[in-house]
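**Student:** Turn this into a model:
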Amino acid sequence: QVQLVESGGGLVQAGGSLRLSCAASGLTFSSYRMGWFRQAPGKEREFVASISSGYSYYTDYRDSLKGRFTISRDNAKNTVYLQMNSLKPEDTAVYFCAAAPPGRSTWSNWGQGTQVTVSS
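**Tutor:** You can find the predicted model right below:
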């Protein structure tokens, strides 16, 4: 059974940084494309970033977050990270980790989310 467990959320002042982690189990981690999404109160869940499977580490980002957020993965630790810098109050949301199996474009597995709150 695939499990994704996020950690690293919390309360931070505007301009600060946080690093989120997502520990995966029950899957061949290096074979899965991994991603981060977020959902703010009253809004739909939105794409944040993704990183390809394997070791090519091709990344993709929401346009508005490029330059502030960085996704990375450690296949030896079955973990994907999201480094968030220069945080803004509008980054406040629940952040979710997601996994897409080999050969599929859809996100089939989700974590429970971790709250990030940015105060002004």
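**Student:** At which residues are the strands of the chain located?
**Tutor:** 3-7, 10-13, 18-25, 33-39, 46-51, 59-61, 69-74, 79-84, 93-100, 109-110, 114-119 (DSSP state E).
**Student:** Any stretches of the chain with poor pLDDT?
**Tutor:** For the chain, applying pLDDT under 70 flags no range at all.
**Student:** hmm, back to that, and the strands of the chain as TSV, adding mean neighbour count?
**Tutor:** In short, each C-beta sits where N, CA and C put it, glycine included. Formatted as TSV, the strands of the chain follow (neighbours: other Cβ atoms under 10 Å):
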stretch	mean neighbour count
strand 3-7	17
strand 10-13	13
strand 18-25	18
strand 33-39	22
strand 46-51	20
strand 59-61	16
strand 69-74	18
strand 79-84	22
strand 93-100	22
strand 109-110	17
strand 114-119	17
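**Student:** show me what contacts the nearest residue to Q13 once chain neighbours are set aside?
**Tutor:** With sequence-adjacent residues excluded and distances taken as Cβ to Cβ, 6 or more residues apart in numbering, Q13 is closest to S119, at 5.4 Å. Counting by Cβ atoms under 8 Å, 6 or more residues apart in numbering, S119 touches 11-14, 89.
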